[in-house]
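Novice: Here is the input, now give the coordinates:
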Amino acid sequence: MTRPTRPVSWIKQARKDFEALPEGARLICLNALTIAAEGGKADIAKPLPELGRGTFEVTFTYQGEAYRLAYNVAVDADVWVLHAFHKKSTRGIKTSQRDLDVIRNRLRALKEMLR
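Specialist: Numbers count the residues shown, from 1 in each chain. From the prediction side, this is the model:
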């Protein structure tokens, strides 16, 4: 028996950014998105409450480099991928304000588009 899954949809630029990640990093992201599509939350996903209900960030290290993927499960029936990036900051584990702004702006644009 298969589990019901939600479609995974992509903000166009987030898809381009995702495709630029190394293959191994993409596979880790896709695994986390599959879990989200099946109604769960991967162990490497954490809520981003400052960006509203249902927004999560997948955080992981691949070959010594930090990567992130942000998605939302509350805007629509789909799991929406908002941002994917290689974290370049060497100062702490916190996601940069610039990347948080990108996620916030893409989420806002998504909500407008779906109205």
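
Novice: quick one, helices of the protein?
Specialist: Here the chain has its helices, by DSSP state H, at 12-19, 23-37, 97-113.

Novice: mind giving me a markdown table with those and columns for mean neighbour count and distance to residue 74?
Specialist: Yep, even glycine has a C-beta here, placed from its N, CA and C like the rest. Below are those laid out as a markdown table (neighbours: other CB atoms under 10 Å; distance: least, CB to CB, whole Å):
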| stretch | mean neighbour count | distance to residue 74 |
| --- | --- | --- |
| helix 12-19 | 14 | 17 |
| helix 23-37 | 17 | 11 |
| helix 97-113 | 15 | 10 |
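
Novice: Report the central residue of the protein.
Specialist: Nearest residue to the geometric centre of the chain (CA atoms, centre = their mean): residue 70, 2.1 Å.

Novice: Look up the residues forming beta bridges with that one.
Specialist: residue 57, residue 83 (DSSP bridges).

Novice: could we number from 244 for the rest of this?
Specialist: Sure, I'll start numbering at 244, so the last one becomes residue 313.

Novice: So it sits against residue 295, correct?
Specialist: No - applying CB atoms under 8 Å as the test, residue 313 and residue 295 come out as separate, 11.6 Å apart.

Novice: Leaving out chain neighbours, which residue sits closest to residue 256?
Specialist: Counting by CB to CB, 6 or more residues apart in numbering, residue 256 lies nearest to residue 349, which is 7.6 Å off, once chain neighbours are set aside.

Novice: From residue 323, how far off is that neighbour?
Specialist: 9 Å (CB to CB, to the nearest Å).
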